[in-house]
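1. A structural model of the following input is requested.
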Amino acid sequence: MPLIRSTLHLLWMVITVMPWALAVLVFSLFGSSTQVYWMCAGWLRLAVTGGTVILGIQNRVTGMENLPKDELGACVLLVKHQSTWETFSMVTLMPHPLAFVFKKELLYVPFFGWAMSRMDMIHIDRSQRAQAFNKVVAQGKRLMAQGTWVIMFPEGTRIERGQKGIYKSGGTRLAIETGAPVIPVAVTSAKCWPRKAFVKKPGVVDISIGKPIPSIGRQPDELMREVEAWIETEMHRLDPEAYPGASGDLPLGTASSR
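-> Residues are numbered from 1 along each chain as shown. Next up is the predicted model:
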């Protein structure tokens, strides 16, 4: 049954993304960037709803009260990355438009990438690291000034359930450059949608949103260590089965709190 459900959900996404992406390309010729964003978010909502109905995956979200309340309140969301699920879900959950920082190669993915190219996001060339970060800062400042939140995956790639990647300081460097707070987010999506797996399982994905951490006056590496400590401690709390006997592996000086 999981194989059949996974196949049906993939077909659902393929069948729906093609006309939706074409509609986005046409609409982007005369619609505003914000309108294009919410139009694309509509397809992501369709994909997540399909995941709930077809795959049996449900989100359980805590900490929404920790998000900025001001219409133009800026923040940098730093999210644990285990699967495609949170990439889709974060857009459907957040009350503000999000700008992902992603490698430019994704723009060449048929239909999905074409639609992404019409959105006001931050796509970078990873082979030019210094120039890439300058672009992230310049575009990040512009986007946050208009009420868009920047979202980044500090580990850089999807991580296996129960594992921890290397947390890179790009997100905290951006926050310090712009003066925006960082908001850590823990996600247990690999319980249902394992990294690079075709077959998905029904269940509950916990999405825990931490309290904003001020960036002013901080150092990027030191601030990222605080973000890493919160996320990894929260991951142990939310998904203890993934970390058997791993209490000694928790980052030093951590405590799970929201």
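2. Now do the closest residue to Gln146 other than its chain neighbours against Trp149, distance only.
-> Take Gln146 and drop its neighbours on the chain: the residue closest to it by CB to CB, 6 or more residues apart in numbering is Leu72, 7.5 Å away. In this view, the C-beta of every residue, glycine as well, is placed from N, C-alpha and C. Noted for Leu72: a distance of 11 Å to Trp149, by CB to CB, to the nearest Å.
3. With Phe27 instead?
-> Taken as CB to CB, the span from Phe27 to Trp149 is 23 Å.
4. again with Leu107
-> For Leu107 relative to Trp149 (CB to CB), the value is 21 Å.
5. Give me the more crowded residue out of these two.
-> Each of Leu107 and Trp149 has its neighbours counted (other CB atoms under 10 Å); Trp149 has more, 23 against 16.
6. which residues does the more buried one bridge with?
-> Beta-bridge pairing for Trp149 (DSSP bridges): Leu98.
7. can you give me the strands in the stretch 51-200 of the chain?
-> Under the criterion DSSP state E, counting those that start in this stretch, the stretch 51-200 of the chain carries strands at the ranges 57-62, 76-79, 98-103, 122-124, 149-152, 182-187.
8. Quick one, which of those gets closest to Met13.
-> Shortest distance between Met13 and these, using CB to CB, is found for strand 57-62: 13.4 Å.
9. pLDDT of that closest one, averaged?
-> Per-residue pLDDT over strand 57-62 has a mean of 97.
10. That one pairs with which strands, parallel or anti?
-> strand 203-209 (parallel).
11. Only the buried residues of stretch 214-230, if you could.
-> Ser215, Arg218, Pro220, Leu223, Met224, Arg225, Glu226, Val227, Glu228, Ala229, Trp230 (16 or more other CB atoms under 10 Å).
12. Thought Tyr167 was touching the third one, still the case?
-> It refers to Pro220. No: the criterion here is CB atoms under 8 Å, and Pro220 misses it with Tyr167 at 10.9 Å.
13. pLDDT weak spots in the chain?
-> 126-130, 246-258 (pLDDT under 70).
14. swap the cut-off to 80 and go again
-> Low-confidence segments of the chain (pLDDT under 80): 71-72, 102-104, 106-108, 120-121, 123-134, 245-258.
15. longest helix anywhere in it?
-> Assignment by DSSP state H gives helix 2-27 as the longest helix of the chain.
16. Give the next helix or strand downstream of that helix.
-> helix 33-50 (DSSP states H and E).
17. What residues sit buried inside that following helix?
-> Neighbour-count burial for helix 33-50 [16+ other CB under 10 Å]: Val36, Tyr37, Met39, Cys40, Ala41, Trp43, Leu44, Arg45, Leu46, Ala47, Val48, Gly50.
18. got it, and stretch 199-217?
-> Applying 16+ other CB under 10 Å to stretch 199-217 flags Lys200, Val205, Asp206, Ile207, Ser208, Ile209, Gly210, Pro212, Ile213, Ser215 as buried.
19. any idea which residue sits dead centre in the chain?
-> Against the mean C-alpha coordinate of the chain, by CA atoms, centre = their mean, the closest residue is Thr87 at 4.6 Å.
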